[in-house]
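Enquirer: what shape does this take:
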Amino acid sequence: MPDTSDQILIDNPRRGKISKFRMIWLIFIPLASIAFQVNIPLFFRHLAYLELPLLVTVYFSLMRRNPVGGTLIGAAIGLLQDALSHQPLGIFGMVKTLVGYFAASISIKIDVDNTTIRFGLSFFFFFFHQFFTWILVRALLGQAIDFDLTQTLLFGLLNSLVAVPLFLILDKLRERG
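Expert: Have a look, this model is predicted:
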């Protein structure tokens with residue numbers, strides 16, 4: 001089968017490129033996204049819908065193409081976000097662990113360098129994140145919180161629109177080789 005740029009499925013999993021990043025970026029970018037998540041909505045309330053730690057989790061998990069690595073990335077970002085937010089410790093950790101695992105697992109079979117695929121996966125994982133957060137808060141904490149489907153879909157769309165240029169910027173930080 002000829003190699004085309006618009007191929008969506010990867011017929012040989014070994015052909016998908018595993019991206020490598022400098023350690024400084026793997027530490028700084030998640031910390032910056034969490035700092036944004038915690039601090040910016042205090043000054044700009046209309047930006048509270050942005051879930052940058054989730055987008056960073058999805059990006060690094062997709063690019064590493066390793067379910068174990070994606071799981072660890074999601075757990076680290078989620079637990080750090082829990083520690084710095086008003087959520088009980090562990091909720092974001094559990095949800096982002098699942099997101100990291102599934103994003104990395106999907107990236108083994110699908111060409112995740114395609115912008116349309118990135119948009120769709122960002123939307124899917126935002127919805128997945130919100131839905132599982134709702135389930136965990138209700139099941140583990142016994143809190144009756146609402147799940148507004150319309151608002152979740154709208155915020156998922158907005159996060160996906162932010163994810164596409166963010167992912168292109170983060171692509172520039174990949175090591176060449």
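
Enquirer: going forward, measure contacts between C-alpha atoms and count neighbours the same way
Expert: Noted.

Enquirer: list the contacts of the most centrally placed residue in the chain.
Expert: Nearest to the geometric centre of the chain sits residue 58, at 2.6 Å (CA atoms, centre = their mean). Shown in contact with residue 58 (CA atoms under 8 Å, 6 or more residues apart in numbering): 99, 100, 103, 122, 125.

Enquirer: kindly recompute the last result at 7 Å.
Expert: Residues in contact with residue 58 (CA atoms under 7 Å, 6 or more residues apart in numbering) are 99, 100, 103.

Enquirer: can you list those residues in CSV and add neighbour count, distance to residue 171 and pLDDT?
Expert: Shown next, in CSV, are those (neighbours: other CA atoms under 10 Å; distance: CA to CA, whole Å; pLDDT from 0 to 100):
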residue, neighbour count, distance to residue 171, pLDDT
99, 27, 20, 97
100, 31, 18, 97
103, 29, 17, 97
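
Enquirer: relative to residue 22, which of those is nearest.
Expert: residue 100 (19.1 Å; CA to CA).

Enquirer: spatially nearest residue to the closest one (excluding sequence neighbours)?
Expert: Excluding the flanking residues, the one nearest residue 100 by CA to CA, 6 or more residues apart in numbering is residue 70, at 4.3 Å.

Enquirer: the one you found: neighbouring residues, count only.
Expert: Using other CA atoms under 10 Å, residue 70 has 29 neighbouring residues.

Enquirer: now do the buried residues in the longest helix seen in the chain.
Expert: Under DSSP state H, the helix in the chain containing the largest number of residues is helix 115-140. Neighbour counts over helix 115-140 (16 or more other CA atoms under 10 Å) mark 118-123, 125-137 as buried.

Enquirer: give the contact list for residue 104.
Expert: The contact partners of residue 104, taken as CA under 7 Å, 6+ apart, are 61, 62, 64, 65, 66, 67, 70.

Enquirer: ugh, typo on my part, it should be residue 99
Expert: Residue 99 touches 58, 74, 125, counting by CA under 7 Å, 6+ apart.

Enquirer: the first one belongs to a strand?
Expert: Which is residue 58. No - Residue 58 is assigned helix when assessed by DSSP: H, G, I helix; E, B strand; the rest coil, not a strand.
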